[in-house]
Structures are given as structure tokens and as C-alpha cells.
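**Student:** I'd like to go over a predicted model; first the sequence, then the structure.
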Amino acid sequence: MHIKEGFILRRIPGMNIVMPTGENIRHFRNAVRLNDTAALVFEKLQQGESAGDAAGALASKYGIDIREATEDVESVIGDFLELGLAGE
Amino acid sequence: MRNIPYRAFEREFLENAMKHAIPVNAMFELTPLCNLDCKMCYVHLQDPSVKNRLLSGDQWTSIMDRAFDLGMFSALLTGGEALTHPDFFRIYHHLTDRGICVSLKSNGILLNDEALDHFRKVPPTTLDVSIYGCDDESCRAVTGRGIFETVDRNLRAALDADMPLRLMITPSSHMLPWIEKILRYAASFGVETRVNVYLAEPYNNTGRKKEDFDLTADQVMEILRMAGKILPDAGQAGMDDDEAPEEKAGSVSAIDRGFLRCAAGRTRFAVSWEGIMTPCLQFPKEMISENVLEHGVAEAWKNVHARTIALCAPAECADCDIREECVWCPVKHGHAAPEGRCDPRMCELEKRMADLWREKENAH
């Protein structure tokens, strides 16, 4: 599982938005707005970390159970795959 | 995760930017030089020494990186003729590599195969091309050059390449004899076309004066009616889209709000070819401006934003019949604006345009 090449996560006060970059602009003509959870997962995966690492980071940041965090991460990854932001 | 309509997202995005004073949009006037000499141009300089004073590609990308850090999401590259800047494509790709939505304003002359190769690989968000004539004679009357065939060929190639083309027509007294034919020519492309009837006062150093090419309110109204028939979907009123108000007139007057209800200086800034930041292009520099080369982009934006939101519309707007419909804009009111006054000619035009909008609304 990885975030595909050609995307950048922009964090501004009040919003997290993923934009296509460079030649990917030709193929992916949308912006994707992420909530804080999805933004954290995106960041971790883009840094090359695993889904498990992302779940650990989520659990630690929000003080939630690791199983709950894992479910959240899996759900978010499903969305990333569907949107074309991530690949297997 | 949920899908929302783009308009809803855009509104939320801009409201958020407004709330946090984030300059999500910037305009970069890369050069005052141009390969045309339009009689109504507010910026074009002919002094050859200007070439040696242009900001380099490195200077521009450094300014743009600082704007990125502040939250810039979209950028407009303009001039003069932006494509004449020697580092244009380096600047363009620098922005798109960082995920910035880049729009370009051009006269179309340099929109050749080489340029289209760049844009095919990385398409701009919008490619605005100004149309100045419907044949060589009309082009020469407005721009000084018979460039019709070149631009026509380039426009058709851009269309074939699926470029997000948008046409722009800026009527002036020099264009009047051909205006209907030009509108019909623009319509033949079947793309969005905007008619910009707000002519800006040229900068002092251009040697041009608005009175030499200005239109009367009657002429403007005639053009707008004509455009309404020939280009039913044309953007007729207002500055061109990038400068259009993001909030339409509503229940709160410009006086109550303190300033024009557009993005200028609130979520947008412009940087001139000399590195001067203003709330938008054409904004009177004597009212609000900061030198980004001296103060840096962040400090300049802080000051431009603070001074913008402190501005008030002229007192005379308080009793005006169209105070709810008119968005007072220093750019439209030219030399009168820095003195805190309205230009009566512009007020007359705004009133006539407000009538036209009411007429259209009633017809619907």
C-alpha cells in the first residue's frame, strides 16, 4: 500500500487538501479535501510508513484503542484506493 | 469521506481562507514587456532597459515559494505578455510541481507548438487568450500589428489540444468599428468568452491615458446587449473572472462592510514585475502597496491585508441608489479612488449596468 507519485498534501488553517502535481495534473484534475484523520494517514503512507504504523500514530494522537484506529485507517485507505490516490 | 459539488467546496474554501486571512490566490505580473502595443494597455512599457530590470526566474520562484508557504493554491501568470519572460516555463513548472493551479493570460502569439508541448504535458487550469480583432486590419488598429492569422492558428491548435481555453475581449474605442464581427469571431470557437468593459487607467509611466480609448456608457451598454445576443453565456459585467467579486451584492452595503466585497487583499494579492505587492493587479499603488523584495512576502501580505480591510468606500456611496448592487472598486474608479471619491462616469456606467441586470432578471 502506498500513496501514488504526483500528489501533495497541503495543510492550511482549517483545511487539508491533496493536490495533483506536475504531469499528474493532466490525469487527476481534482482536489481532495481530507479530514484530520485522513490527512494523518496520508502523511504517514506518503512517508513510506505502513498502515499499521499509521494506525499506531492515530491511536497515539487521539488516545483511542489500536483496534479502532486500525479500522479507521483501513476505511481511509479504501477511500484513497477508490479515489486513485493510493495503489497496492 | 464525501463528495460535495465543486461550487460548495469553493465557497467553503474561500470562506475559510477569508476567516484565516490566507492568500490562496496570487497574480504575478512577470513582465511589462509585450510583443504587441495595444492602445488601451495599462501596463505595457516600451523602454528597452526594462529588459535588464525584470525579476529573474530565481527571484520569481523564491517569491512564489514564500506565497506557497502562506497557503497559495492558485496563481495567475500575466504581463505584459507573460510568455515573453525568458524563464516563463521554468516558473510555470516550478508552480505546477508544487501542486499550484496555474492560469495564464496571453495574447496568443507565442502559443506555438513548443508552448503547447509544455501545456499538453502539464495543462494549465485556464488559458485566457485576448482577442483583439477579426482580421489583420482590426488587430492592427488595436495592437499595432497584423497578427490575426498567427493568433487564429494558435487558438485552433490549442483547441485541438484540448486546452482549457477561454477568450477575453476588452472593447475600447479603437475596437468599436469591428466589435460585432469580433464577438461573432469569438463565438465561432464555442468556448467561454468574457467581455471586460472595465478599462483600467494605465500606469503613469506608460504614457497612455484612459480618456484616449475610453468608451461612453452608451457604447458599453450597446456592446453588452450585442454580446448578450451573440455570446449568450458570456461573462458580461464585472472585471474578468479572476477579479470578479466572490460575494455578490446582498443585504449589506459596501459602506457597512468597509470595503469592496471581493477577494483582493483578503484572500488574494498581486505582485508587479518590479516586485510590488498590491491587493490585485491594476490596484492603485498609491493607495496600498508593499515591496516584497524589501519586506518579504509574508510581511508584505500582512500589511496589504491589514490596509485592505481598513479601507472604506467613499461617503457618497451611502446615499447611492445602487449601493446594494454596486461593488465599489478602486480599480474601476481610477484617479478618483486614491482621493476617496467616485468617478462619476463609472457611477453612471454602474447604474446603467444595474438596470440591465434587473431587465435580464425580469425577463427570466
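**Tutor:** That came through, no problem. Residues are numbered from 1 along each chain as shown, chains lettered A, B, ... in the order given.
**Student:** please make it C-alpha for all contacts and neighbour counts, starting now.
**Tutor:** Fine.
**Student:** number of nearby residues for B:K121?
**Tutor:** Counted by other C-alpha atoms under 10 Å in any protein chain shown, the residues lying close to B:K121 total 14.
**Student:** contact partners for it?
**Tutor:** Neighbouring residues of B:K121 by C-alpha atoms under 8 Å, 6 or more residues apart in numbering or on different chains: A:E23, A:R26.
**Student:** quick one, what contacts the closest residue in space to B:G108 that isn't next to it in sequence?
**Tutor:** Spatial nearest neighbour of B:G108, chain neighbours left out: B:V151 (5.3 Å); criterion: C-alpha to C-alpha, 6 or more residues apart in numbering or on different chains. When contacts are counted by C-alpha under 8 Å, 6+ apart, B:V151 touches B:N107, B:G108, B:I109, B:L111.
**Student:** quick check, distance from the longest helix belonging to chain A to the centre of its chain.
**Tutor:** In chain A, with assignment by DSSP state H, the single longest helix is helix A:66-83. The chain centroid and the centroid of helix A:66-83 are separated by 9 Å under C-alpha atoms, centre = their mean, to the nearest Å.
**Student:** CA atoms of that helix as PDB?
**Tutor:** In PDB, the C-alpha atoms belonging to helix A:66-83 read as follows (Å, rounded to 0.1, in the frame of the first residue of the first chain):
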ATOM      1  CA  ILE A  66      -5.500   0.400  18.400                       C
ATOM      2  CA  ARG A  67      -8.300  -1.800  17.000                       C
ATOM      3  CA  GLU A  68     -10.500   1.300  16.500                       C
ATOM      4  CA  ALA A  69      -7.600   3.100  14.900                       C
ATOM      5  CA  THR A  70      -6.800   0.200  12.600                       C
ATOM      6  CA  GLU A  71     -10.500   0.100  11.400                       C
ATOM      7  CA  ASP A  72     -10.300   3.900  10.700                       C
ATOM      8  CA  VAL A  73      -7.100   3.500   8.800                       C
ATOM      9  CA  GLU A  74      -8.500   0.700   6.700                       C
ATOM     10  CA  SER A  75     -11.500   2.700   5.900                       C
ATOM     11  CA  VAL A  76      -9.400   5.700   4.900                       C
ATOM     12  CA  ILE A  77      -7.200   3.600   2.700                       C
ATOM     13  CA  GLY A  78     -10.200   2.200   1.000                       C
ATOM     14  CA  ASP A  79     -11.200   5.700   0.100                       C
ATOM     15  CA  PHE A  80      -7.700   6.500  -1.100                       C
ATOM     16  CA  LEU A  81      -7.700   3.500  -3.400                       C
ATOM     17  CA  GLU A  82     -11.200   4.400  -4.700                       C
ATOM     18  CA  LEU A  83     -10.100   8.000  -5.400                       C
END
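**Student:** what is that helix packed up against?
**Tutor:** helix A:36-46, helix A:51-62, strand A:86-87 (3 or more C-alpha pairs under 8 Å, 6 or more residues apart in numbering or on different chains; DSSP states H and E).
**Student:** any idea how many residues pack against residue 64?
**Tutor:** Unless you meant another one, I'm taking chain A. 13.
**Student:** my bad, the chain I had in mind was chain B
**Tutor:** 21.
**Student:** what does B:C41 give?
**Tutor:** By other C-alpha under 10 Å, neighbour count at B:C41 equals 23.
**Student:** correct me if wrong: B:K285 contacts B:P279.
**Tutor:** No - between B:K285 and B:P279 there is no contact under C-alpha atoms under 8 Å: 9.3 Å.
**Student:** mind checking which of those two has more residues around it?
**Tutor:** B:P279 (28 against 16).
**Student:** looks like the more buried one contacts B:S272 (just checking).
**Tutor:** No - contact criterion C-alpha under 8 Å: B:P279 and B:S272 do not qualify, at 10.8 Å.
**Student:** name the nearest residue to B:K351, sequence neighbours excluded.
**Tutor:** B:I322 (6.7 Å).
**Student:** angles on the backbone of the residue nearest to B:V122 when sequence neighbours are not counted, please.
**Tutor:** Nearest residue to B:V122, sequence neighbours excluded (C-alpha to C-alpha, 6+ apart): A:E23, at 5.0 Å. Torsion angles at A:E23 (phi, psi; degrees, to the nearest 10) stand at phi -70, psi -20.
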